[in-house]
Structure formats: structure tokens, C-alpha cells
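Colleague: 3D, please:
(one chain, ligands or ions: 1)
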Amino acid sequence: MKNTSPKTILLIIAIVLAIAVTFALSQITNGSSGTSTFQLVIFTFALSFASLVLLLLFVNIIILNKVNKLFATVKNFRLQSDKASVNIEYNSNDLNNLNNEILAWAEDRKNEIEQLKKLEVYRREFLGNVSHELKTPIFNIQGYVLTLLDGGLEDPSINRNYLVRAEKSVDRMITIIDDLEAISQLETGELQIELERFDINVLLKDVIDSLEMKATAKGIILSTVDENKPIFVLADRFRIRQVFVNLLVNSIKYGKEYGETKVRFYDVGNNISIEVADNGIGITKEHLPRLFERFYRVDKSRSRDQGGTGLGLAIVKHIMEAHNQTITVMSTESVGTVFTFSLKKA
Ligand code: ADP
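Modeller: Residues are numbered from 1 along each chain as shown. I've put the predicted structure just below:
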């Protein structure tokens, strides 16, 4: 019945009504002779059927005309919106089409409202987190400057020291703002990935060299297994550099003294799988599912002490998604952590 067209329904109604009218009339003329009653029944049925069909068709045309207009308006309205996500299959039943179109429109609006609600929560959380992150370095700078203005400037035992500390807080703010800029570009889709063919081993060596001082300060050795083997990938060199920096810096920040971080490459079909493994403090199981969320930290004070912004892994995940690739993490507390991501071979 659901897919029966209005025309078929009207035909059925006309037949039923014609039978009813004919039956009623035959009851009234019950006394007449058999042949004339039969002719009267046929005539009455034909007449009432024809007039009912005409009447219903007329009503049908008027109603369908309005339904079609309504259908066209809802359809145009829905398709004009860039949020149209539900696909509809149309058939010859105009009422069904209108019904489906209205349901699809309602579904689109529901999705849109849910999306807006999520964005609102995200916006509030993001603003809260940003102001929280910036507060500490700003208050520190304010403290140092006020002390210098209150006479500290003339005191040689603290003036230089306080300026150096203020400069460190400025550095911290720059790091936070750089990470915020990167994450907002990645999340708004503003950032275009520029793919090029390059030797990822050369890039890795360069990153390891640039982090050597930081690593040796903690006695940590950063190394790669296939040091001199060229491994060509198709990716955004600048962004992949950022991925290596974030992962390797984390392995130093959360590494044990005199520990080791090893990078290994694996050939997996069309991809190169890259593994960054450390033998640092590790992460307990319950934190792993949320590790790539922005501002998520296992140990907030340790992260801040180490100069962390809580955005490093969120940035890494976005960069991998922009490459249509994924990143995973495996970790055991006190044993170490392994991050694995893949890139297209070139
Ligand atoms: P952060 O700036 O705090 O380091 P990240 O997004 O880079 O932010 O990392 C999120 C959290 O994941 C860190 O605060 C830390 O608790 C944990 N983490 C990241 N990498 C490692 C690692 N190699 N070993 C142990 N914990 C890690």
C-alpha cells in the first residue's frame, strides 16, 4: 500500500463508491422485473463510476499540482543548502517523493544542529584551554617586569636573571601560539598538503641532528636503523618534519635518563610504515584512546614543566589525516611507547 500511486488509490475508491451507489439503488428498485433491474444496475454502476472517476481525477489534479509545487520548493531549498547529505531515490509516487524529501530535509537539519552543538562545545573548550595555557607565561612575565620596575633593575644580582626568565616565558608563548596556529589551520582545512617525492631517511637524519643537544642533555640516544638506505616517499616534507620533531621531542620529554629512541622503516605494499619507539616512562592503557585529542595530557604538570602545549600529538594526527594515513600508539607503563604511522611509497 505504501508505494501504491494516488491514481490507483483513486481508481479503487471510485470502484468501491460505484458499487455502493449501485447496491443502494438496486435496493430501492427491488420490485421491478429482472431484466430492467439488471440494465438499471449496469447503467447506474457505469454512470456513478464515470462521474466519480472524473470528480476524483479533478481533485487529484488540483492536489497533485499543489503537492508537486511543495515538493519542488522543499527539494530546491534542501539542495541549495551545502549541508544536504541524505540521498533520495525518487519514484512515480508524488506523495511518497514529497514525504521522502521532507524526511531527508528534517534529517539534514538534525545533522546540522548536532554539528553546530559540537562546534559550540569545541569552541568553548578551545577558548578555555587557550586562555589557561597563556595565563601562566603572561603572569610570569608580569611578575618579572614588576619586580624589575620596583627596583630590581638596579640590582645586578637579579636584573639579568629576571630578564632571561621573562624571555623564556616569551618563548613559551611563541611555542603555544605556533602550535595553536598549526592546529587551527589543520582543523579548518586551510592547510594545503604539498606532496613531493623525497628521501625520508635524509629528513629524519636532519631532524635527529637538530635535536641532538636536547637529547644528550638527558643522555638519550636518538637513532635510525637503516641510516644510509634511501627511502623515498610521497608526502609534504615540511609537515612530516613536524611529525618527526613532535614524536622525537616527546620521546625525550617523556624518556628516562640515558634511554634510547629508535626509528625503524618497514616496507608494507604501497606504503612505508614508520615506527618511533622509546623506552621511556610509557603510558597507562586508559589514556591511550584520548592521547591524540587536543590539550590532552597524561600528567599535566610534567608536560608543562617540559614545555609541552598538549597539542603536539593532535597536530601529528591531523597531518597524517591530511595525507589520508593513520597513526597508532602502543605503550606499556615504565617500559616504553611506540608510535607507528605510514606514508605512500614513491
Ligand atoms: P605535550 O605537549 O603535553 O607533550 P602531546 O600532544 O605531544 O602534548 O602529548 C600528549 C600527552 O601524551 C603528553 O602530555 C604525554 O602525557 C603523553 N605522551 C606523548 N608522547 C609520549 C611518549 N613518547 N611517552 C610517554 N608519554 C607520552
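
Colleague: what's the pLDDT at the residue nearest to the spatial centre of the chain?
Modeller: The chain has Glu187 as the residue nearest its centroid, 8.8 Å off, counting by Cα atoms, centre = their mean. As predicted, Glu187 sits at a pLDDT of 84.

Colleague: can you check Asp94 too?
Modeller: So Asp94 comes in at 73 (pLDDT).

Colleague: thinking it is in contact with Leu70, fair?
Modeller: No: checked against Cβ atoms under 8 Å, the pair Asp94 and Leu70 is beyond contact range at 9.8 Å. From N, CA and C alone the C-beta is placed, and that goes for glycine too.

Colleague: since we're on Ser251, how many residues are nearby?
Modeller: Residue crowding around Ser251 was assessed by other Cβ atoms under 10 Å; the count is 26.

Colleague: dump the residue contacts of it.
Modeller: 220, 222, 261, 276, 278, 280, 337 (Cβ atoms under 8 Å, 6 or more residues apart in numbering).

Colleague: if we can go back for a sec, distance of the residue nearest to the centre of the chain from the ligand?
Modeller: 14 Å (Cβ to the nearest ligand atom, to the nearest Å).

Colleague: Surely Glu260 and Thr224 touch.
Modeller: No: using Cβ under 8 Å, Glu260 makes no contact with Thr224, being 11.8 Å away.

Colleague: And those two? Which one has more around it.
Modeller: Of the pair Glu260 and Thr224, Thr224 is the one with more neighbours under other Cβ under 10 Å, namely 21 against 18.

Colleague: Just list whatever residues bridge to that one.
Modeller: Legend: beta-bridge partners of Thr224 under DSSP bridges are Val263.

Colleague: For this protein, which segments are assigned as strands?
Modeller: 196-199, 221-224, 232-235, 260-268, 271-278, 327-332, 336-345 (DSSP state E).

Colleague: Check which helices and strands the fifth one sits against.
Modeller: Read that as strand 271-278. On a contact count with 3 or more Cβ pairs under 8 Å, 6 or more residues apart in numbering; DSSP states H and E, strand 271-278 meets helix 237-253, strand 260-268, strand 336-345.

Colleague: wait, which of the ones you listed is closest to Thr44?
Modeller: strand 336-345 (79.9 Å; Cβ to Cβ).

Colleague: How about Cys293, nearest residue that isn't a chain neighbour?
Modeller: For the record, residue 293 is Glu, not Cys. Once flanking residues are discounted, Glu293 sits nearest to Ala314: 6.4 Å by Cβ to Cβ, 6 or more residues apart in numbering.

Colleague: how many neighbours does the one you found have?
Modeller: 22.

Colleague: residues contacting it?
Modeller: 183, 292-296.

Colleague: one more time with 7 Å, if that's ok
Modeller: Residues counted as contacts of Ala314 (Cβ atoms under 7 Å, 6 or more residues apart in numbering) are 183, 292-294.

Colleague: hmm, which of those are the buried ones?
Modeller: Using 16 or more other Cβ atoms under 10 Å as the burial test, these include 183, 292, 294 as buried.

Colleague: Please name the spatially closest residue to the last one (chain neighbours excluded).
Modeller: By that I understand Arg294. Ala314 (4.0 Å).

Colleague: Lys110 versus Lys117, what's the distance?
Modeller: Using Cβ to Cβ, to the nearest Å, we find Lys117 at a distance of 11 Å from Lys110.

Colleague: again, but for Ala217
Modeller: Look at Ala217 and Lys110: by Cβ to Cβ, they are 54 Å apart.

Colleague: One more: Asn87?
Modeller: 16 Å.

Colleague: Among the two, which residue is more densely surrounded?
Modeller: The residue with more neighbours, out of Asn87 and Lys110, is Lys110; 10 against 6, by other Cβ under 10 Å.
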